[in-house]
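Participant: please work out how this folds:
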Amino acid sequence: MKLLEEEGVDFDRVDYFVDSLDEATLRDVLSKGDLSPRDVLRKRDKAYRDLGLDDEAVDDEAVISAIVEHPGLLQRPIIVKGKRAVLGRPIENVRALL
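Facilitator: Alright, predicted model coming up:
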């Protein structure tokens, strides 16, 4: 976020813990970033282990459902600009998007 502010980029910040993330929005963000559901998982989150998401046999549909139900599983930030999206880490991803 700091980079966006420094670059003078106007942006909307969405807190998915307050404004829940629905499945359609998540799918849209994933497609804009050419990301798989596993690409955006926080693997150190307790829910990741508790839900068995470390099992590669868990399909993308189940991963998407888990992220929607447990927003803490979603890596943050994800920056969306127009028809493109990137994970905010590393910062070079954001620079390439700008």
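
Participant: per-residue pLDDT, Phe11?
Facilitator: As predicted, Phe11 sits at a pLDDT of 66.

Participant: following the host helix or strand of Leu4, which helix or strand shows up next?
Facilitator: Counting by DSSP states H and E, the element that carries Leu4 is helix 2-6. Using DSSP H and E, the helix or strand that follows helix 2-6 in sequence is helix 23-32.

Participant: next, the buried residues of that next one.
Facilitator: Leu26, Val29, Leu30, Lys32 (16 or more other Cβ atoms under 10 Å). (Each C-beta comes from the backbone N, C-alpha and C, glycine too.)

Participant: show me which pair in those is furthest apart.
Facilitator: Largest separation among these by Cβ to Cβ: Leu26 and Lys32, giving 10.9 Å.

Participant: and the gap between Phe17 and Glu56?
Facilitator: Using Cβ to Cβ, to the nearest Å, we find Phe17 at a distance of 28 Å from Glu56.

Participant: who's more crowded, the two?
Facilitator: Using other Cβ atoms under 10 Å as the criterion, Phe17 and Glu56 rank with Phe17 on top: 10 against 7.

Participant: who's in contact with the spatially closest residue to the more buried one that is not a sequence neighbour?
Facilitator: The spatial neighbour of Phe17 that comes closest, neighbours along the chain excluded (Cβ to Cβ, 6 or more residues apart in numbering), is Pro71 at 5.7 Å. Residues near Pro71 by Cβ atoms under 8 Å, 6 or more residues apart in numbering: Tyr16, Phe17, Ser20, Leu21.

Participant: narrow the residues you listed to those that are buried.
Facilitator: When the contacts of Pro71 are checked for burial by 16+ other Cβ under 10 Å, the buried set is Tyr16, Leu21.
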